[in-house]
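Peer 1: model the following, please.
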Amino acid sequence: MDVNERIKAVLAEYPIVLFMKGTPEFPMCGFSSRAAQALKEANATFHAVNVLADPEIRAALPHYANWPTFPQLFIQGELIGGCDIVEDLKASGELARMAHDVAGESHA
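Peer 2: As a prediction, this is how the structure comes out:
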């Protein structure tokens, strides 16, 4: 399975995916930490992928998503954006709504 297929498989398996440096419990950069924290505060259930532990995904994802930096948040396989966008969505209440909508769909 090539790296793009691996990325697609993760996105297909989990409704909300955060590609980040480190883990939510032990983030390895401030932006990844802030994005994971925003998701937690929005009560979002998400899957985190540590790009530092997977150099192939770290190298390929910016091309796959056409987004140059980490973290990268995907919901339902669609790129939402990076740290600033995630924090803006949380501040507006939109992130909690999106997470709630996804949770509702997966339990239907």
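Peer 1: what about Ala99, how many residues nearby?
Peer 2: Close neighbours of Ala99, defined as other C-beta atoms under 10 Å, add up to 21. Where C-beta positions appear, they are placed from N, C-alpha and C, glycine not excepted.
Peer 1: Ala60 too?
Peer 2: 17.
Peer 1: give me the below-cutoff pLDDT ranges for this protein.
Peer 2: 105-108 (pLDDT under 70).
Peer 1: now the helices for it?
Peer 2: 3-13, 30-41, 55-65, 83-92, 94-106 (DSSP state H).
Peer 1: what is the shortest one packed up against?
Peer 2: The criterion is 3 or more C-beta pairs under 8 Å, 6 or more residues apart in numbering; DSSP states H and E, and the helices and strands that helix 83-92 contacts are helix 30-41, helix 94-106.
Peer 1: hey, which of the ones you listed is tucked in deepest?
Peer 2: helix 30-41 (a mean of 19; mean count of other C-beta atoms under 10 Å).
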